[in-house]
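Peer 1: What follows is a predicted structure for the sequence shown.
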Amino acid sequence: MGERYTTARLTLAGERFEILVRPEPAFDFKRGKPLQIFNVLVAEVIFTDASKGLRASEEQLKKAFQTTDISKVADTILKRGELQLTIEQRRNLVDEKRKQIVAFIARHCVDPRTGFPHPPRRIEQAMEQIRMVVDPFKDGEEQARAVIDELRPILPLKIERLKIAVKVPAEYAAQTIGVAKNFASVKQEEWQRNGSWIGVVEMPAGLHSSFLERIGKVTHGNYQTKIIK
């Protein structure tokens with residue numbers, strides 16, 4: 001694979017189709033950036049084997065894609081197919097996806113023995129122990145949920161959400177509501193006659209400590225919370 005171009009391929013209707021693309025624009029396009037497909041393509045050609053220069057016939061395109069429009073076919077290949085990444089691209093994308101997986105587990109899971117989330121580094125080490133293969137293009141949350149059961153024998157995990165009642169004085173209500181909406185979903189809220197705010201929020205258990213820390217800062221410690229069973 002050269003640095004000036006690479007290949008994206010898709011197997012459809014029993015046939016393999018390939019396009020030659022510029023690595024960086026193709027990488028951005030694959031990740032959803034609004035780029036014109038013709039700014040990604042090296043050549044406006046659909047191949048069955050790019051290395052041999054074998055072009056797909058109109059009949060093959062029509063059968064697989066229901067169109068012979070190069071832009072539509074190339075768009076489908078790049079979005080649904082496999083992009084041959086450069087080494088640096090793949091490394092960066094895998095690292096980014098791994099961080100997403102670790103962050104999801106840290107937010108949504110706790111150690112059932114302590115009720116607290118595991119530190120990110122401990123989660124990473126457990127993933128290394130089971131030799132988890134991170135898919136650079138698969139949704140991070142989906143991969144995280146799939147790997148939790150594999151991690152449990154070496155890292156006790158429990159997915160848990162908390163409902164928390166919060167009460168703050170009137171002068172801190174606006175800031176507190178902003179924090180609550182960033183961390184959680186507000187299930188109920190009520191304003192008292194003295195202007196104080198009471199809300200019931202729901203969040204992943206792993207965010208509880210961070211939520212309390214943030215509420216403490218904006219209210220200077222003038223708050224009350226209670227976990228609702």
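Peer 2: Happy to help now that I have it. Residues are numbered from 1 along each chain as shown.

Peer 1: Any buried residues in stretch 118-136, and which?
Peer 2: 118, 123-124, 126-127, 132, 134, 136 (16 or more other C-beta atoms under 10 Å). Placement of C-beta: from N, CA and C, glycine included.

Peer 1: Not counting its own residues, what contacts the strand or helix carrying Ala74?
Peer 2: Using DSSP states H and E, Ala74 sits in helix 70-80. The contact list for helix 70-80, computed with C-beta atoms under 8 Å, 6 or more residues apart in numbering, reads 8-10, 17-19, 21, 26, 29-30, 37-38, 40-41, 44-46, 61, 65, 67.

Peer 1: and the longest helix for the protein?
Peer 2: helix 87-108 (DSSP state H).

Peer 1: what packs against that helix?
Peer 2: helix 23-30, helix 120-129, helix 140-151 (3 or more C-beta pairs under 8 Å, 6 or more residues apart in numbering; DSSP states H and E).

Peer 1: could you point out which element follows the shortest one?
Peer 2: Toward the C-terminus, helix 23-30 is succeeded by strand 47-49 as the next helix or strand (DSSP H and E).

Peer 1: Mean confidence (pLDDT) on that following strand, please.
Peer 2: Strand 47-49 carries an average pLDDT of 96.

Peer 1: Buried residues, it. List them.
Peer 2: For strand 47-49, a neighbour-count test (16+ other C-beta under 10 Å) marks 47-48 as buried.

Peer 1: So which other helices or strands are in contact with the helix or strand just after it?
Peer 2: Scanning forward in sequence from strand 47-49 by DSSP H and E, the next helix or strand is strand 54-55. Here strand 54-55 touches strand 47-49, going by 3+ C-beta pairs under 8 Å, 6+ apart.

Peer 1: quick revisit: need the helices and strands packed on helix 87-108 in a markdown table (columns: mean pLDDT).
Peer 2: Shown next, in a markdown table, are the helices and strands packed on helix 87-108 (pLDDT from 0 to 100):
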| stretch | mean pLDDT |
| --- | --- |
| helix 23-30 | 88 |
| helix 120-129 | 96 |
| helix 140-151 | 92 |
